[in-house]
Every structure is written in C-alpha cells, then in structure tokens.
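Chemist: predicted model, plus sequence, below.
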Amino acid sequence: MSLAVIIPTYHRPLGLKAALESVIMQTRQPDEIIIVDNSAEATARELVASYDHPGLTYVHEPRPGVAHARNAALAATDARYIAFLDDDEIASPNWLSALMKTADELRADIVFGPLSARADTGISGIRQHVLDRLYSRPGPADDMLLEKPYGCGNSLIDRARFDLGSTPFDTDLNETGGEDDAFFDDRMHDGARFAWSAKAHAVECVDPDRARWRYMLARSFAFGQGPSQTCARAPGNWGGVAFWMTVGLAQLAVFAPLALITSVFAPQKSAAFIDKSAQAVGKVFWFDGLAPRFYGQAS
C-alpha cells in the first residue's frame with residue numbers, strides 16, 4: 001500500500017525544514033514526500049534540493065492559493081494513502097505508523113491526529129489560552145470513530161475510497177481558507193468513515209504574526225462564517241443561512257457577556273467565550289466580502 005506525505009509551503013523555510021525533517025525521521029517511512037512550493041519565486045526549491053532522500057519530490061505551483069497547492073500535490077502522486085502535514089507542523093516519530101494503524105484497525109477512510117500549539121514568542125494570560133484553543137487539537141484520549149471531520153493538517157486519506165477528480169480542493173477558497181472543511185464535507189456526503197488516531201501527534205508552531213489578537217479573532221470569525229457560507233453555497237438553502245444567523249445572534253447574546261465577566265475571574269474560561277463570540281459574529285456576518293483573506297494573493 002503506497003503512502004505519500006504532502007507538505008504545501010509558502011515562504012516558510014525554517015518551518016518547512018522542521019516539517020520535512022520530522023517526516024524523514026518517521027519510524028514508518030513514506031514511499032513519497034511531496035513538497036509543493038506555492039511561492040511565485042520558487043523559494044523552497046534550493047532547500048528541498050539540499051536533501052538526498054528517496055521519494056522526495058519538489059513541485060512548484062506558482063498560482064497563489066492553498067487550494068491550488070493541495071491540488072497540485074495530489075496530481076503529483078498516485079499513492080493510495082495521502083498524509084497531509086503543514087509547513088508549520090512537526091510530526092512525532094510514530095506519526096505515520098499511528099495514522100496507518102488506526103486506518104487499518106478501524107477500517108477508516110480518513111484519519112485525524114492531535115495537534116499541540118507552540119508559540120515562537122512568550123505570551124501568557126488570556127491570549128495564551130485563546131492561542132491554545134485556536135491552534136491545538138487535543139481530541140479523544142483513545143482511537144475512535146468520529147461523526148465529523150477536523151482540518152487537513154495532520155490527516156490521512158485513503159484515496160482509493162473516493163473519486164476526487166482533478167481539483168478536489170475548491171479554488172474559490174484559495175484566499176480565505178476553509179478549502180479543507182469543504183473537502184471533508186464533500187467526503188462526508190460520499191459516506192466517508194472518519195477516525196481519530198490518539199498517538200499520531202504533531203506540534204503546530206505558531207509564529208508571532210498568527211499570535212496577534214487581530215489575527216486570532218479574524219480566524220475565529222472566519223471559522224464561524226463556515227456554517228452560514230456552506231448553506232449559502234448550496235442551491236436554495238437560504239433557510240439554513242437564516243438558521244445559522246439566528247444561532248449566531250443567540251450565541252453572541254450569551255457568550256459576549258460571559259467573555260467580559262470571566263476575563264476578570266477565570267481567564268482560561270474567558271478564552272472559550274471570546275472564541276465563541278467571534279465565531280457567533282461570523283455566523284451573522286457570513287458574506288463573502290467580509291471573509292478574512294489569509295492565503296494566496298491576499299497574503
């Protein structure tokens with residue numbers, strides 16, 4: 001059973017180096033490692049060329065956008081199993097073996113693993129709690145089947161299970177992100193069997209820019225937009241849009257006051273309410289023109 005690891009990258013040489021070396025050190029070696037450089041200047045080419053590792057492939061995708069990068073990576077390999085690792089993530093040595101074991105034992109089509117956030121700069125208090133909430137993915141303590149998917153970073157896909165076509169990641173989401181949410185939502189409709197691999201651990205390295213309040217709140221807002229936007233894209237599902245907007249208003253009325261109160265007495269609880277308040281605003285103001293642009297040309 002062939003296995004490829006895909007690492008999309010964009011102007012993150014140190015992050016890419018750490019991610020790539022963590023894959024090279026895996027106890028279960030992949031058959032291929034696909035690095036997709038999404039910078040117009042091909043800034044990662046020299047770094048990748050400095051590694052003499054069997055199965056390592058460099059792909060240059062100059063069209064800006066995270067969906068373009070993921071699609072180019074999938075087009076570059078025929079491997080049955082695809083493991084996704086982002087260029088700001090570092091996999092534990094048993095990461096791949098754990099993902100594959102879970103897929104086999106639970107007969108899962110798609111497997112997700114835990115992420116722990118690690119900030120490059122010292123932060124504390126509520127901001128640290130919000131950062132942990134946004135970038136960590138603790139998940140269940142044991143392997144188990146899941147009803148709903150997580151995000152693309154630290155995931156494994158059995159490609160034989162689906163007809164993905166040539167562009168499975170929606171390029172309309174190149175700048176806003178959420179292409180992985182849409183991808184896994186499509187797989188859910190395909191009847192995918194999702195699972196959690198508790199031992200497939202990876203670290204998410206959060207750079208200073210992504211630890212700023214403005215960025216973190218924008219990320220929460222964008223995440224909150226997801227349900228409303230998904231309904232808006234479905235033909236005629238304006239009832240769903242109205243439902244999620246109503247949910248957002250109700251959540252905002254509850255969580256915003258709780259965020260203010262707990263910020264004084266319980267900072268850790270306050271982080272959850274701040275995150276949920278920003279998501280609630282996103283559910284109400286879901287319009288594409290208000291969607292934060294994190295990737296592609298916008299970056």
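Modeler: Looks like it came in fine. Residues are numbered from 1 along each chain as shown.

Chemist: which stretches of the stretch 1-150 of the chain form strands?
Modeler: Using DSSP state E, counting those that start in this stretch, the strands assigned to the stretch 1-150 of the chain run over residues 3-9, 32-37, 56-60, 81-84, 89-91, 110-112, 115-119, 144-146.

Chemist: OK, contacts around residue 161?
Modeler: By C-beta atoms under 8 Å, 6 or more residues apart in numbering, the residues touching residue 161 are 109, 190, 192. C-betas here are computed from N, CA, C, even on glycine.

Chemist: hang on, the first one packs against residue 187?
Modeler: Looking back up the chat, that one is residue 109. Yes. When contacts are counted by C-beta atoms under 8 Å, residue 109 is listed as touching residue 187 (7.3 Å).

Chemist: which neighbours do those two have in common?
Modeler: The overlap between the contact sets of residue 109 and residue 187 (C-beta under 8 Å, 6+ apart) consists of residue 162.

Chemist: where does the stretch 1-150 of the chain dip in pLDDT?
Modeler: Filtered on pLDDT under 70, the stretch 1-150 of the chain yields no residues whatsoever.

Chemist: switch to 90 and redo it
Modeler: 1, 119-125 (pLDDT under 90).

Chemist: burial count for residue 264?
Modeler: When neighbours are defined as other C-beta atoms under 10 Å, residue 264 has 8 of them.

Chemist: tell me how far it lies from residue 126.
Modeler: Between residue 264 and residue 126 the distance is 10 Å, computed by C-beta to C-beta, to the nearest Å.

Chemist: repeat that for residue 104.
Modeler: Note on residue 104: its distance to residue 126, by C-beta to C-beta, is 42 Å.

Chemist: likewise for residue 76?
Modeler: 43 Å.

Chemist: now residue 216
Modeler: 11 Å.

Chemist: out of the two, which sits in the busier spot?
Modeler: Between residue 216 and residue 126, counting by other C-beta under 10 Å, residue 216 is the more crowded of the two (22 against 19).

Chemist: I'd say that one and residue 130 touch.
Modeler: Yes. At 5.6 Å, residue 216 counts as touching residue 130 under the criterion of C-beta under 8 Å.

Chemist: phi, psi of residue 204?
Modeler: Residue 204 adopts backbone torsions of phi -100, psi 120, taken as degrees, to the nearest 10.

Chemist: give the bridge partners for it, please.
Modeler: Beta-bridge partners of residue 204, counted by DSSP bridges, are residue 89, residue 117.

Chemist: buried ones in the helix or strand containing residue 182?
Modeler: When elements are assigned from DSSP states H and E, residue 182 belongs to helix 179-189. Within helix 179-189, the residues that count as buried by 16 or more other C-beta atoms under 10 Å are 179, 180, 181, 182, 183, 184, 185, 187.

Chemist: with stretch 3-11 instead?
Modeler: Neighbour-count burial for stretch 3-11, counted by 16+ other C-beta under 10 Å, picks out 3, 4, 5, 6, 7, 8, 9, 10.

Chemist: just give me the longest helix of the chain.
Modeler: helix 238-265 (DSSP state H).

Chemist: the helix or strand that it is followed by vs helix 238-265, what angle?
Modeler: Note on helix 238-265: by DSSP H and E, the next helix or strand toward the C-terminus is helix 267-284. In terms of direction (axes from the mean of the first three to the mean of the last three C-alpha atoms, to 10 degrees), helix 267-284 departs from helix 238-265 by 160 degrees.

Chemist: for helix 267-284, give the mean pLDDT please.
Modeler: Computed over helix 267-284, the mean pLDDT rounds to 94.

Chemist: elements contacting that helix?
Modeler: Counting contacts by 3 or more C-beta pairs under 8 Å, 6 or more residues apart in numbering; DSSP states H and E, helix 267-284 is packed against helix 125-135, helix 213-233, helix 238-265.
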